[in-house]
Structures are given as structure tokens and as C-alpha cells.
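K.L.:
Let's see this in three dimensions:
(one chain, ligands or ions: 2)
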Amino acid sequence: MNFTKPPGVEDIFPDRIDLWNFIIKTAKEVFTQYNFKEVVLPVMEFTEVFARGIGDETDIVSKEMFTFEDRGGRSLTLRPEGTASLVRAFCENGNYNRLSSSKFFYCGPMFRAEKPQRGRLRQFNQFGVEFFGDDSPFNDFEIISAMDTVTKRLGITDYKLLINSIGLDTERSAYIDELKKYYAAHQDDLCDNCKRRFETNPLRLLDCKEAQCGKLKEDVPRITSFLGEESRSHYSELKALLESAGIDYTEDHLLVRGLDYYSKTTFEFTTTELGGQNTFAAGGRYNNLVELFSGKPKPAVGFAAGIERLYLMLEDKYRPESSLDIFIIHTGSEAQKKALLTAYELRKNGISVDYDPTGGSFKAQMKKLNRERCHFMLILSEDEILGNYATLRNAETREEVKIQFDTMIESIKDILQLNNKK
Ligand code: ATP
Ligand code: MG
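P.N.:
Ligands and ions are numbered 1, 2, ... in the order given. Modelled structure (predicted):
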């Protein structure tokens, strides 16, 4: 019998939930300000959606998918990413009523059969944005600036935005020929994975994180010199927009991304804080994917961010506000009942309250209050019960006021408001 969780999946327990929710809430707020509309999509699709949408030769499709047969013998896959699903849904829902542009965001679990490590799970969570519309660099700017705003609003300062352009299909295939020529002379020095990539998907050679392959990248031909006029001006315009908005970026000619469907812009948000798993958001332009699914062309641009990686970057810095306004401390059986009924009255009036139902010593109850990081305690001891009042104490300044029960709600509301707690 095994009652433990499988490798690479996590429980998000209450001690982690505040920061978890803060990350998601912040992203949703920013996306809503940009008028991206939320969609909730299935966690499984026909395998074909990903195999064709992401590309057979990618790491995801070739070795990371959780694929199984359903009872009717159909091949299904737990979604490893959101873009292919969203494109499928966009096409299946009448291209979202055929508006000239459509802006979406999503948030939820993804599944990849990877070797679990810090920041690399088998079930992980992403939020992401997809902008279906035209080929304009304005749209690239919109989604990059949205992710930049989320990053800043989360309080992350140690990060870099890397950008590149991988051009059009024709430009890229000329580049790949050149890349193959370069690597053909160095085949013996490649890692085993890259020896295979050399045959199946040479662009991926630039993605490799092995040290032996890293050295070879120093003199590798640059894709930027293969870009034609259209790709070049698209890229320049995006860079100019970022500069006008004061968004710092670094150009990285090795940034080709792990998925097949990209064209022109690629970008990543990276940090030095996460060790090996240093990318926390990534995306780019994909102008051919909608056409592949529906036969009708519609350029698009999008990205996805890893919530677990953002969490790891913030966990030492984040000090959440308590969700409680008041913690009631009581001594004696009369006071215990009074605590229960007082909590009921206060909650009915929109104040969040808790108390220790088992009682215990004053000190033990104080410990609970501290764990909840609650700013105010309402004391009900024998003195208070006899005098028919309660004592409200500010846990930090230790200031106290006597509160009469008949005006308790107003008095407490006033004090919370004065202290900006309500
Ligand atoms: P990596 O190079 O780290 O494997 P990727 O290129 O496979 O990343 P994408 O498919 O672009 O990642 O996914 C976007 C984001 O989702 C990543 O930048 C990362 O933050 C997150 N992510 C991807 N795979 C995982 C995973 N297995 N566990 C946790 N987060 C992940
Ligand atoms: Mg990966």
C-alpha cells in the first residue's frame, strides 16, 4: 500500500497558499487591465493536438508527455502546455466569433514527465497569455510588457528580459543549413542528446545546457544575420517600443526556444536566483499555428510563466498580511462561551475573527495569535466578564482600550479603520 504522492507533484498546503494566491491574483489583475479574457480549458486533449501543435521533434513531444489510451482506444495526453490547447479551442469556438483580434489568458496545471528537481516538476502550474490578431510588433510589445508588469508588481527586481528574432520559415531554414555545416565539423564534441538533435532538430542545439556544448556556441553562426527586411524591421520596431516604455532587455541570439511553432520574436524572463531552472517565463510569436489547426491563417503571439518558479523566487521575501482582523483570547468557561458568540457577531459584521476553541493558557493562545500574525487581540478574562466589557489590545504597540459590548461593532470597526486594517 502506498499512500504518498507520486514523484514530481506537490501539495500546496495552507502555509504556502498566501503567496501562491498573491502570484495568481497579481497576474490576473494585470491581464485584466490589458483586457485579456480568462479561459479555462480541459487538462487533457487528443494527443494529436500537442504532437502536431508543438512538433514531434521537440523535447516535450518526444519524451515528456503523459499519454494514455482511454477506454475507447483513443490516445489522450495530459496537457504539457497551454498554447496548443488554446489554439485548438480558439478554432473550435468559431475563432472566438471571428473578431479581428482576441486576447486570452489562462492559469492551471500542466504535466511533463521530467526528472523532478527544484523548480522542475511533473505537475506544475502556469499562467499564460495568447494574443491572436495580426503580425504587428505592437502585439508582441503588449504581451511582453504585461509579463514585465506582473514581474515588477510581484516585487521581483533581479531578472532579465532576453529577446531575439528567429525570422520567417525560409530565413530559418537557410540559417539551419549554415548551423548544420558549423556543427558537422564538431559532431564528436557534442553531448549524446545533441548528437541526436543534430539529426532531428538542429536549432535545438542552441538550447542545450551541457557545458561541453556551451563552448561550441561561442562561434556559432548568428540567426540575426539571416533575417530579411521584414523580420529585421519587425524586430527593430519591437526593440524601439520597449525602449520608449523604459523596459530593459538584452538581446540573445541563442534564444530559439524549445517549441517548433515560433517565428520572428522569441523572449524569456530569466533570473540568477533559481540555479539551473533560471527561466520563469517564456514565449514568442507563432504565426502559423492557427492555420495548421483550422486552415485559416491568423498570426499570434503568447507566453507562459511557471508559478512554482515565481514562488521560489519570492518565498524568502514575501510577508503576507494576516487574513484575520482579530484573535480572541479567553480565560474561564464563561469567557469561552462569550468568545464564541462575540466571534459570531463580529464575523456577521464583516470582521474576520478566530479564537482557540480548546482554550489553553493565555500564553498558548498568544502563540496561536502570533502564528496568525494578527494585529489585534480581544481579551475576555474573568475581569472583563464581571465588568461586562472586552479589552482590545494592539499586539505590536500593546496599547489597550476597553470596549463596551453594546457599541462593540462600531468601536472595533473604527479602530481597524484607523489602523488601515479594514
Ligand atoms: P525549461 O527550459 O526550463 O525546461 P521550457 O522551455 O520547457 O523550460 P516552456 O515550455 O517555455 O518551458 O514553459 C514556460 C515556463 O513554464 C518556463 O519558463 C517555466 O517557468 C515553466 N516550466 C516549464 N516546465 C516546467 C516544469 N517541469 N516544472 C516547473 N515549471 C516549468
Ligand atoms: Mg522543458
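K.L.:
what about the stretch 51-200 of the chain, any weak spots by pLDDT?
P.N.:
Flagging of the stretch 51-200 of the chain using pLDDT under 70 yields the residue ranges 95-100.
K.L.:
mind listing the helices for it?
P.N.:
59, 83-92, 94-98, 137-153, 169-184, 192-200 (DSSP state H, counting those that start in this stretch).
K.L.:
Looking at these, spot the one closest to residue 120.
P.N.:
With Cβ to Cβ, the closest approach to residue 120 among these belongs to helix 59: 12.2 Å. Where C-beta positions appear, they are placed from N, C-alpha and C, glycine not excepted.
K.L.:
For the residue in the stretch 251-400 of the chain that ligand 1 sits nearest to, list each beta-bridge partner.
P.N.:
As assessed by Cβ to the nearest ligand atom, ligand 1 sits closest to residue 306 within the stretch 251-400 of the chain, at 2.3 Å. Beta-bridge pairing for residue 306 (DSSP bridges): residue 126.
K.L.:
Tell me how many other residues surround it.
P.N.:
Residues lying near residue 306 (other Cβ atoms under 10 Å) number 23.
K.L.:
one step back: now for the helices of the stretch 51-200 of the chain, which one comes closest to ligand 1?
P.N.:
helix 59 (6.7 Å).
K.L.:
How about the closest one and ligand 1, touching?
P.N.:
No. For helix 59, no contact with ligand 1 is found by Cβ under 6 Å from any ligand atom; the gap never falls below 6.7 Å.
K.L.:
Number the residues from 576 up from this point.
P.N.:
In the new count, where the first residue is 576, that last one comes out as helix 634.
K.L.:
list the helices and strands that helix packs on?
P.N.:
On a contact count with 3 or more Cβ pairs under 8 Å, 6 or more residues apart in numbering; DSSP states H and E, helix 634 meets no helix or strand.
K.L.:
Not counting sequence-adjacent ones, nearest residue to the most centrally placed residue in the chain?
P.N.:
The chain has residue 882 as the residue nearest its centroid, 3.3 Å off, counting by Cα atoms, centre = their mean. Of all residues not flanking residue 882 in the chain, residue 700 sits nearest, at 4.1 Å (Cβ to Cβ, 6 or more residues apart in numbering).
K.L.:
Verify the stated contact: the one you found with residue 683.
P.N.:
Yes. Counting by Cβ atoms under 8 Å, residue 700 touches residue 683, with 6.5 Å between them.
K.L.:
now the helices of the stretch 626-775 of the chain in TSV, with mean neighbour count?
P.N.:
Putting the helices of the stretch 626-775 of the chain into TSV (neighbours: other Cβ atoms under 10 Å) gives the following:
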stretch	mean neighbour count
helix 634	18
helix 658-667	22
helix 669-673	11
helix 712-728	21
helix 744-759	15
helix 767-775	15
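K.L.:
quick one, which of the ones you listed is nearest to residue 597?
P.N.:
Counting by Cβ to Cβ, and looking across all of the helices of the stretch 626-775 of the chain, nearest comes helix 712-728 at 10.1 Å.
K.L.:
Give me the contacts around the closest one.
P.N.:
601-602, 604-606, 609, 611, 676, 704, 706, 708, 734, 736, 738, 809-810, 812-813, 816-817, 820, 822, 839-840, 842, 844, 856, 858, 860, 876-878, 880 (Cβ atoms under 8 Å, 6 or more residues apart in numbering).
K.L.:
about what we covered before: the more surrounded of residue 700 and residue 683?
P.N.:
residue 700 (21 against 18).
K.L.:
can I assume residue 766 is in contact with residue 790?
P.N.:
No. At 11.2 Å, residue 766 does not count as touching residue 790 under the criterion of Cβ under 8 Å.
K.L.:
the more surrounded of these two?
P.N.:
In this view residue 766 and residue 790 are compared by other Cβ under 10 Å, and residue 766 has more residues nearby, 16 against 11.
K.L.:
Quick check: closest non-adjacent residue to the more buried one.
P.N.:
In space, and not counting its chain neighbours, residue 766 is closest to residue 785: 4.2 Å by Cβ to Cβ, 6+ apart.
K.L.:
If you tally nearby residues, what's the number for residue 734?
P.N.:
If we define neighbours as other Cβ under 10 Å, then residue 734 has 18 of them.
K.L.:
meant to ask about residue 793, not that
P.N.:
By other Cβ under 10 Å, neighbour count at residue 793 equals 6.
K.L.:
Having no further points to raise, I will conclude here.
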